[in-house]
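Chemist: fold the following and give me the result.
(chains A and B)
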Amino acid sequence: AQSVSQHNHHVILSEAASLELGCNYSYGGTVNLFWYVQYPGQHLQLLLKYFSGDPLVKGIKGFEAEFIKSKFSFNLRKPSVQWSDTAEYFCAVNSPARGKLIFGQGTELSVKP
Amino acid sequence: EPEVTQTPSHQVTQMGQEVILRCVPISNHLYFYWYRQILGQKVEFLVSFYNNEISEKSEIFDDQFSVERPDGSNFTLKIRSTKLEDSAMYFCASSEDGTMETQYFGPGTRLLVL
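Modeler: Down below sits the predicted model:
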């Protein structure tokens, strides 16, 4: 069955700490990969996406993610978090043939000032 | 920047009542989606819609659910006879083209069925 797993449910960091959020997927065939963010009181926004090409993708606000096909992973990273990065982060996949997004359960990130 | 909008932001209804959730996708977008998130659970796909017909639907999207694009701007989700387990946040999304395009999400409608 198609699924996405995010290993960390709640991460607490201090400002300037480095961040890595794990995402693994189970999906037959070619995939598109996404990270969405939901800031408190706001709607889901796209952070970054991978369709093909360079497996290291850069997104908004200094975030990046690396697609490792052999590990079925698409981990999100940021070298130095800020208080304003406090939000919930969702990893999602779909296939190039189908629009339906399959989401992970989300990771809540709290950054202490 | 264009946004997907949804109304109402909150709705409380009695079990067995019909509800209609409304969405206005981004104007030049062609693909429309509904997702829902039950409290504490994953965001789940419900249905996708293109060219005035359903492209794909999930097991959740049974006969109690329907979608419509009644005019050139609105996209609605109707739940015919609500159940307690329909309580969730419902998100609308749209994309410019199909599967290779980013889906833009609305702010959601929080539905509470009593």
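
Chemist: assign the spatially most central residue of chain B to helix, strand or coil.
Modeler: Nearest residue to the geometric centre of chain B (CA atoms, centre = their mean): B:W34, 3.2 Å. Assigned by DSSP: H, G, I helix; E, B strand; the rest coil, the conformation of B:W34 is strand.

Chemist: ok, now the one 10 residues further on?
Modeler: For B:E44, the secondary structure call by three-state DSSP comes out as strand.

Chemist: pretty sure it is touching B:W34, no?
Modeler: No. With contact defined as CB atoms under 8 Å, B:E44 does not reach B:W34; the gap is 9.9 Å. Glycine gets a C-beta too; all of them are placed from N, C-alpha and C.

Chemist: my read: B:E96 touches B:H29, true?
Modeler: Yes. B:E96 is within contact range of B:H29, at 5.2 Å (criterion: CB under 8 Å).

Chemist: higher neighbour count, these two?
Modeler: B:H29 (18 against 14; other CB atoms under 10 Å in any protein chain shown).

Chemist: A strand includes the more buried one, no?
Modeler: No. Counting by three-state DSSP, B:H29 falls outside a strand, being coil.

Chemist: give me the nearest residue to it, chain neighbours excluded.
Modeler: Of all residues not flanking B:H29 in the chain, B:S94 sits nearest, at 3.9 Å (CB to CB, 6 or more residues apart in numbering or on different chains).

Chemist: and the longest strand for chain A?
Modeler: Longest strand in chain A, counting residues (DSSP state E): strand A:87-95.

Chemist: need the next SSE after that strand, C-terminal direction.
Modeler: Counting by DSSP states H and E, the next helix or strand C-terminal to strand A:87-95 is strand A:98-103.

Chemist: name the next helix or strand downstream of that next one, please.
Modeler: Downstream of strand A:98-103, the first helix or strand assigned by DSSP H and E is strand A:107-112.

Chemist: against chain B, how distant is the most centrally placed residue in chain A?
Modeler: For chain A, the residue nearest the mean C-alpha position is A:W35 (3.5 Å; CA atoms, centre = their mean). A:W35 is 12 Å from chain B, where distance means CB to the nearest CB, to the nearest Å.
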